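> fold the stuff below for me.
(one chain, ligands or ions: 1)
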Amino acid sequence: MKIPKSHPRYESLMQRHLLLEGLRKGYVAEAGLIAHGRGEAFDYLLGERTIKEAMSAERIAVAMLLLSEKPVISVNGNTAALIPEVIVNLAGLINAKIEINLFYRTSKREKLIKKILLENGAEEVLGTEKDSRMIPGIDSERSRVDTRGIWPADTVLVPLEDGDRTEALIKMGKNVIAIDLNPLSRTSEYATITIVDNIVRAIPNMIKFSSEMKDWKRDRLEGMIKNFDNKKNLREIISRMRKGL
Ligand code: ATP
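Below you'll find the predicted structure:
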């Protein structure tokens with residue numbers, strides 16, 4: 001179905017269309033559609049725009065990524081369906097590795113997502129090789145991470161993650177930057193930096209900030225991080241949502 005650009009819900013319908021296409025091709029999981037639906041509901045409460053608290057979290061996240069020695073961007077089916085090219089662009093700007101991490105892991109889905117990322121310009125995509133280790137505290141295949149990627153990473157950017165894995169990564173001593181439209185989720189609560197924004201807006205904003213901040217001195221970036229209070233930022237977002245209602 002072709003969605004006319006003039007449609008008042010064009011952006012939202014396009015996102016659904018991309019996810020449905022991913023489902024048909026086999027790289028988006030059925031549960032990915034449900035997760036997106038939960039995200040849409042929260043996006044509605046934000047007015048489907050980047051609020052100022054999200055914008056500052058995006059800036060701080062970029063500062064942290066630029067200061068990191070081994071940053072990794074974790075990619076799942078929904079992310080690959082919605083913004084494959086911008087993920088690859090951001091990884092290039094902040095010098096991050098890209099690793100596929102799936103809640104519903106199958107080698108068919110991994111291969112399809114890898115192909116999409118490579119087609120969109122990625123030079124290397126981790127997470128599909130046998131060279132992996134299990135994150136302590138998580139059962140099943142979900143704990144598997146690449147020994148060249150998330151395992152040694154100091155900072156992991158997780159657009160769309162579940163609370164258990166976020167908590168486990170934090171326990172491993174990593175900085176976790178989460179992008180999650182739900183400010184009440186366990187992921188949002190556990191993350192070092194929580195970006196409450198739609199990934200389709202958050203990642204392009206982060207690309208803009210990366211280009212602007214990439215030559216900034218370390219002290220300046222460190223100062224920004226020191227002055228940021230994630231819990232306070234989350235409280236302000238929840239209060240904004242309440243007032244909006
Ligand atoms: P948790 O385990 O963290 O408490 P959950 O069980 O709600 O959270 P999942 O179902 O694993 O989380 O993940 C879906 C999350 O991703 C939801 O919180 C939803 O708000 C968020 N989400 C879905 N689509 C997007 C999107 N496009 N951009 C940002 N966040 C999104």
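
> name the nearest residue to T79, ignoring sequence neighbours.
Closest residue in space to T79, ignoring its immediate chain neighbours: P159 at 5.0 Å, by C-beta to C-beta, 6 or more residues apart in numbering. To be clear about C-beta, it is placed using only N, CA and C from the backbone, and glycine gets the same treatment.

> so the spatially most central residue of the chain bridges to which residues?
Nearest residue to the geometric centre of the chain (C-alpha atoms, centre = their mean): P159, 1.3 Å. With DSSP bridges as the criterion, P159 is bridged to I179.

> need the pLDDT of it.
Listed pLDDT for P159 reads 95.

> could you do M241 as well?
Per the predicted model, pLDDT is 93 at M241.

> tell me the residues of the chain that contact the ligand?
35-36, 38-39, 42, 160, 162-163, 179-182, 185-187, 198-199 (C-beta under 6 Å from any ligand atom).

> which ones among those lie within strands?
Of these, the ones assigned to strands by DSSP state E are I179.

> buried subset of the residues of the chain next to the ligand?
By neighbour count, with 16 or more other C-beta atoms under 10 Å, those hold 35-36, 39, 42, 160, 162-163, 179-182, 185-187, 198-199 as buried.

> which secondary structure elements does the helix or strand bottoming out on mean pLDDT in the chain contact?
Ranked by mean pLDDT, DSSP states H and E, the weakest helix or strand in the chain is strand 132-134, scoring a mean of 88. Applying 3 or more C-beta pairs under 8 Å, 6 or more residues apart in numbering; DSSP states H and E, one finds that strand 132-134 contacts strand 144-146.

> neighbouring contacts of the least confident helix or strand of the chain?
If you take C-beta atoms under 8 Å, 6 or more residues apart in numbering as the criterion, strand 132-134 is touched by S143, R144, V145, D146, T147, W151.

> and the fifth one, how many neighbours does it have?
Neighbour count of T147, defined by other C-beta atoms under 10 Å: 13.

> brilliant, that's me finished.
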